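K.L.:
Build me a model:
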Amino acid sequence: MPATTAGIPAAVLEVLRFCVVVFLAGVGYQVAHGLGTDGVRMGPFDAEGTGIILGAAVGYVLGGVVGRLTGRTLSQTERSLRGRSAEQVLAGLTGAVIGTLLAAGLSWPMLLVGSTALTIPVFVFVCVTVATLGYRVGLTHRERVLSLLGPGAGLGGTAAPLPTLARMVDTSVAIDGRVLDVVRAGFLHGTMLVSAPVVAELQGLADAADDRRRAKGRRGLDTLEALRRERGVDVEHVADLAPEVPEVDAKLVRMCLDRPAALLTLDTNLARAASLSGCRVMNLHALALSLRPPVTAGDTVHVLLTRPGKEPGQAVGYLDDGTMVVVEKARERVGTEVGATVTSVVVTANGRLVFARSA
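P.N.:
Predicted coordinates:
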């Protein structure tokens, strides 16, 4: 027998089928008994026995159909639930228990009415169905279900949203300086952590004999000082909390894992290593790549020219994202789609402006 049938475990299907078999067998007995066929026999079986056999046979056939239909109904959301964690499994089991208790509490009065041969299968069927539904609801709403257990259950809390974490600033971000523009634009806020190892590394660069290294160190220190004066952030100085780790980058990763905090960096290799270590990372270089112009100098674009430009010979069109393209020597081709080679991309206060030359 296959492990699963119709999206549910085969054992659950057989339990549902058994409930239907017992229920219809009871129905057959009640029908035969109610017809008042005392003394009527069909071969070795009396009327009640024949009713039980016929009801069980019909129940065996219908039980498989009902079980499969129930399985398909309950497994509609299962396709999107893959790779479950231990917390998800626990949440699902909690939902199953709650569902069972709820179903039993609401349906137990039926056990007091009518024949037990009819009511017990229905009772078990309802409990199994609602328990399975509760399991899947528990998986879907893991956080809310686990919160019912309370902090005393010893469960690790779910990961805090990245925007709510403090940011551990690394050396590359301080030297680059563009973090100030990101903060002033409102995309970074909250607590910025400046660690003693980073300050010491910048101080070492500022005191270096090489002019370029000295300039980098001074620019990094100036950035941290300017960052402290920004209203949108709260800069905190933290001591070296990982003295046993020799390298500055490794210290930052260790400190982010222990605090916890997100590592704010421009170093792609450090970002990858930190992510592999389980550290939350905010990579400003990835942000810059996501905001880069859709086209660069030398690219060929196809654009529909919609109107003449301001200068003689120019025509204007727009890319799919709304970027204006000014094509030189193409005014006579307004209303047609042309291929043009991008000569420059200018970023203005109103967006990007692309200049191109007609091919």
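K.L.:
Would you mind naming the helix or strand containing the closest residue to Val124 other than its chain neighbours?
P.N.:
Using CB to CB, 6 or more residues apart in numbering and skipping the chain neighbours, the partner closest in space to Val124 is Cys19 (5.1 Å). Yep, even glycine has a C-beta here, placed from its N, CA and C like the rest. Applying DSSP states H and E as the criterion places Cys19 in helix 10-34.
K.L.:
ok, so what distance separates Ala94 from Val238?
P.N.:
Actually, residue 94 is Thr rather than Ala. 38 Å (CB to CB, to the nearest Å).
K.L.:
Can you pull the phi/psi pair for Ala297?
P.N.:
Main-chain torsions, Ala297, degrees, to the nearest 10: phi -60, psi 130.
K.L.:
How about the contacts made by it?
P.N.:
Val342, Thr343, Ser344, Val345 (CB atoms under 8 Å, 6 or more residues apart in numbering).
K.L.:
so how far is Val253 from it?
P.N.:
Separation of Ala297 from Val253 (CB to CB): 38 Å.
K.L.:
try Ala166
P.N.:
Distance from Ala166 to Val253, by CB to CB: 15 Å.
K.L.:
So which of those two has more stuff around it?
P.N.:
The neighbour count for Ala166 versus Val253, taken as other CB atoms under 10 Å, is higher for Val253 (26 against 18).
K.L.:
Give me the contact list for whichever strand or helix holds the more buried one.
P.N.:
Counting by DSSP H and E, the element that carries Val253 is helix 248-258. For helix 248-258, contacts defined as CB under 8 Å, 6+ apart pick out 168, 170-171, 195, 197-198, 201, 238, 240-242, 245, 261-263, 267, 270, 273-274, 277-280.
K.L.:
Next, the buried residues of that helix.
P.N.:
Buried residues in helix 248-258, defined by neighbour count with 16 or more other CB atoms under 10 Å: Val248, Asp249, Ala250, Lys251, Leu252, Val253, Arg254, Met255, Cys256, Leu257.
K.L.:
Would you tell me which one of the residues you listed comes nearest to Ser115?
P.N.:
Leu257 (63.1 Å; CB to CB).
K.L.:
ok, that closest one to Gly204 distance?
P.N.:
25 Å.
K.L.:
before we move on, what about Arg272?
P.N.:
Distance from Arg272 to Gly204, counting by CB to CB: 25 Å.
K.L.:
Check Ser277 too.
P.N.:
For Ser277 relative to Gly204 (CB to CB), the value is 25 Å.
K.L.:
Kindly report the same for Pro161.
P.N.:
35 Å.
K.L.:
which regions of this structure lie under the pLDDT threshold?
P.N.:
In the predicted model, the chain carries pLDDT under 70 at residues 1-8, 34-46, 74-89, 114, 117, 139, 142-160, 349.
K.L.:
re the thing from before, wait, doesn't the residue nearest to Val124 sit right on Pro121?
P.N.:
Yes - the criterion here is CB atoms under 8 Å, and Cys19 meets it with Pro121 at 4.0 Å.
K.L.:
quick one on the thing from earlier: neighbour-wise, which of Pro161 and Gly204 wins?
P.N.:
Legend: neighbour count by other CB under 10 Å for Pro161 and Gly204, higher for Gly204 (11 against 8).
K.L.:
need the contact list for that one.
P.N.:
Neighbouring residues of Gly204 by CB under 8 Å, 6+ apart: Gly217.
K.L.:
now for the lengthiest strand in the chain, which elements pack on it?
P.N.:
Counting residues, the longest strand in the chain under DSSP state E turns out to be strand 337-348. Here strand 337-348 touches strand 300-308, strand 324-328, strand 351-358, going by 3 or more CB pairs under 8 Å, 6 or more residues apart in numbering; DSSP states H and E.
K.L.:
As TSV, those strands with mean neighbour count and distance to Ala103 would be great.
P.N.:
Shown next, in TSV, are those (neighbours: other CB atoms under 10 Å; distance: least, CB to CB, whole Å):
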stretch	mean neighbour count	distance to Ala103
strand 300-308	15	62
strand 324-328	21	63
strand 351-358	18	58
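K.L.:
which stretch among those comes nearest Val233?
P.N.:
For those, proximity to Val233 was assessed by CB to CB; strand 351-358 is nearest, at 27.1 Å.
K.L.:
thinking again about what came up before, can you name the two of the contacts of Ala297 that are farthest apart?
P.N.:
Once CB to CB is applied, the contacts of Ala297 give Thr343 and Val345 as the farthest pair, at 8.9 Å.
K.L.:
which of the two has more neighbours?
P.N.:
Taking neighbours as other CB under 10 Å, Thr343 and Val345 compare with Val345 leading, 19 against 14.
K.L.:
Surely that one touches Gly298?
P.N.:
No - in this structure Val345 lies outside contact range of Gly298 using CB under 8 Å: 10.6 Å.
K.L.:
quick one: Gly322 is in a strand?
P.N.:
No - assessed with DSSP: H, G, I helix; E, B strand; the rest coil, Gly322 is coil; it does not lie in a strand.
K.L.:
Tell me the spacing between it and Ala340.
P.N.:
Taken as CB to CB, the span from Gly322 to Ala340 is 17 Å.
K.L.:
of the two, who's got more company?
P.N.:
Shown here are Gly322 and Ala340; by other CB under 10 Å, Ala340 has more neighbours (25 against 8).
K.L.:
What's opposite that one in the beta bridge?
P.N.:
Val301, Ser358 (DSSP bridges).
K.L.:
show me the contacts for it.
P.N.:
Applying CB under 8 Å, 6+ apart to Ala340 gives the contacts Thr300, Val301, His302, Val303, Val325, Val327, Ala330, Ala356, Arg357, Ser358, Ala359.
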